[in-house]
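Participant: how would this look folded up:
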Amino acid sequence: MALSQLRAGLRCVSNWTACVAHRGVRTAASKVQFSVPLDDYDEDYGDCTHAAPPSSSSVLSKRDWTTYTPKPPPSLKPHSDSAGQEPSSSFAELERRPVFHIPKKAIQKSTPVAARLHRDRMKRSFPQGWSPPHKLSRQAMDGLRVLHAHDPEKFSTPKLAERFRISPEAVRRILRGQWEPTPEQRVRLLRREMREKQSWIEARRAAEREEFKELGGGRTNCKRTGDKLTFI
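Facilitator: This is a model prediction of the structure:
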């Protein structure tokens, strides 16, 4: 009886020791993370590291750490099948295309021969510059005569020609002319000049009005027939 009780007590002690040892191994394994290789390698995300509970033999013997190099990203350059193969024609044309240089300042070119000859001819024909003929009105002619009669030395022929922008010969002809219109002719000439001036002003205004309408502006001359005056 005593022997059987002793054997039962020893069996309980051995079971308790094994249980304590197993719990210690599990606790140590939970505190340690190991990198284990995967069977299927993921090409998109590279290497993956997972924590897995190793066996008791690996914990008690040694720690086996394994590292993996991630896969490099694909290249943006065109991939050639062989190393000695030439690149595509489009890339070759881009490499051979010349780069045009735009200068910061305009290129100074020589004057053409025809333009230079024309400029020299105009300088010889008009030494004082280009002065087109200018037509004077009756009032301007009368004013020119009055100025010359008031002070011939101050208002000489060259000065009058420069002031009225006409040639000296035209000034001499105006001063030699003794014809003067009668009062009736003067009034008639004045009215004609006023009519011509007014017609020119009206034509100019009409042209400006048409141009403004073409641009999309102006008011349309439309009448409202439905509007009535009402008292509230």
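Participant: all contacts plus neighbour counts: C-alpha atoms, from now on.
Facilitator: Fine.
Participant: which helix of this protein spans the most residues?
Facilitator: When the chain is scanned for its longest helix (criterion: DSSP state H), the result is helix 183-214.
Participant: isn't residue 133 up against residue 166?
Facilitator: Yes - the criterion here is CA atoms under 8 Å, and residue 133 meets it with residue 166 at 6.5 Å.
Participant: neighbour-wise, which of these two wins?
Facilitator: residue 166 (18 against 10; other CA atoms under 10 Å).
Participant: how is the more buried one assigned, secondary-structure-wise?
Facilitator: Counting by DSSP: H, G, I helix; E, B strand; the rest coil, the backbone at residue 166 sits in coil.
Participant: got a pLDDT number for it?
Facilitator: Residue 166 is assigned 86 on the pLDDT scale.
Participant: next, the buried residues of the longest helix of the chain.
Facilitator: Using 16 or more other CA atoms under 10 Å as the test for burial, helix 183-214 gives no buried residues.
Participant: same check, this time on stretch 136-154
Facilitator: Under 16+ other CA under 10 Å, the buried positions of stretch 136-154 are 144, 145, 148.
Participant: by mean pLDDT, flag the weakest helix or strand of the protein.
Facilitator: helix 56-61 (a mean of 50; mean pLDDT, DSSP states H and E).
Participant: domain-wise, how is this protein divided?
Facilitator: Annotated domains of the chain cover 2-61, 134-214 [automatic domain parsing].
Participant: how many residues are close by the closest residue to residue 167 other than its chain neighbours?
Facilitator: Spatial nearest neighbour of residue 167, chain neighbours left out: residue 161 (5.5 Å); criterion: CA to CA, 6 or more residues apart in numbering. Neighbours of residue 161 under the rule other CA under 10 Å: 18.
Participant: ok, the one 10 residues further on next?
Facilitator: Around residue 171 sit 22 other residues, with neighbours defined as other CA under 10 Å.
Participant: helix, strand or coil for it?
Facilitator: helix.
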